[in-house]
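1. Starting from these lines, generate the structure:
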Amino acid sequence: MPPEKKTALVAAVEILAKRLVSTAELRKKLAAKKLFSPAEIDDAVLAVKRMGALHDDFLAEDVARSYRSRGYGPARIRMALRKRGIPNEIIEQTLNGKDEDEPASGGESDSGQSVDGENAFAVLHRKAAQFRREPDPRKRKAKAVRCLVGRGFSYEDAIEAADRWLREEGAAEE
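-> Numbering: from 1, shown residues only. A predicted model of the protein is given here:
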């Protein structure tokens, strides 16, 4: 007796059992198998959504939280979410702080600095030893700003965080 052909729904559930993926990633993975028609893929994605196993908004929040905790800024997070196929409206909703547990990106913290600015400042604190090797304060600031911009922070947040960090470093050295 020949083995039964796997359905697109079974394949979708198997994919989601291994790792949380976006709707676009699930469609791409199912299409890559070259076993299912576009209609079967659409039906499987719809069925998985109805089951509650596919949520682009939860995935976006999880990815954003993970990237923020590793010291990345909004531009880098946006790029990672786009790469995962998250729709633009969900990306903007996530980055503009619709998550109740986390302050809004770009909002104000207790110190009056933007949350992204606070995150940038935290990155500089973690990498302080790397920047202290540079004796010239202007070059030290330039390196800090380049580091932050490369991690996806805005130029304004990078300058603000570098200035604050250098002020605190100068006060600590006195």
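2. Now do the buried residues in stretch 152-165.
-> Residues of stretch 152-165 classed as buried: Gly152, Phe153, Ser154, Asp157, Ala158, Ile159, Glu160, Ala161, Ala162, Arg164, Trp165 (neighbour count, 16 or more other CB atoms under 10 Å). Backbone N, C-alpha and C define where each C-beta goes, glycine included.
3. mind listing what the third one touches?
-> Just to be clear, that refers to Ser154. Gly73, Pro74, Ala75, Asp116 (CB atoms under 8 Å, 6 or more residues apart in numbering).
4. shaky segments in the protein?
-> 1-4, 98-113, 171-174 (pLDDT under 70).
5. Helices of that one, residue ranges please.
-> Using DSSP state H, the helices of the chain run over residues 8-18, 23-32, 38-51, 56-69, 74-83, 88-95, 115-126, 128-132, 137-150, 155-173.
6. Can you say which of those is packed in most?
-> helix 115-126 (a mean of 21; mean count of other CB atoms under 10 Å).
7. relative orientation of that helix and helix 137-150 in degrees?
-> Put simply, helix 115-126 runs at 120 degrees to helix 137-150, going by axes from the mean of the first three to the mean of the last three CA atoms, to 10 degrees.
8. so what secondary structure elements neighbour helix 115-126?
-> If you count contacts as 3 or more CB pairs under 8 Å, 6 or more residues apart in numbering; DSSP states H and E, helix 115-126 packs onto helix 137-150, helix 155-173.
9. Domain boundaries for this structure, per the record?
-> Here the domain parsing of the chain from automatic domain parsing is 8-51, 56-95, 115-173.
10. And the second one, end to end?
-> Distance between the boundary residues of domain 56-95 (CA to CA, to the nearest Å) amounts to 14 Å.
11. Name the nearest residue to Arg140, sequence neighbours excluded.
-> In space, and not counting its chain neighbours, Arg140 is closest to Glu134: 4.3 Å by CB to CB, 6 or more residues apart in numbering.
12. I figured the one you found hits Ala144, correct?
-> No - the criterion here is CB atoms under 8 Å, and Glu134 misses it with Ala144 at 9.1 Å.
13. What's the separation between the residue nearest to Pro87 when sequence neighbours are not counted and Pro137?
-> Distance criterion CB to CB, 6+ apart; nearest residue to Pro87, sequence neighbours excluded, is Asp56 at 6.5 Å. Per CB to CB, to the nearest Å, Asp56 is found 45 Å from Pro137.
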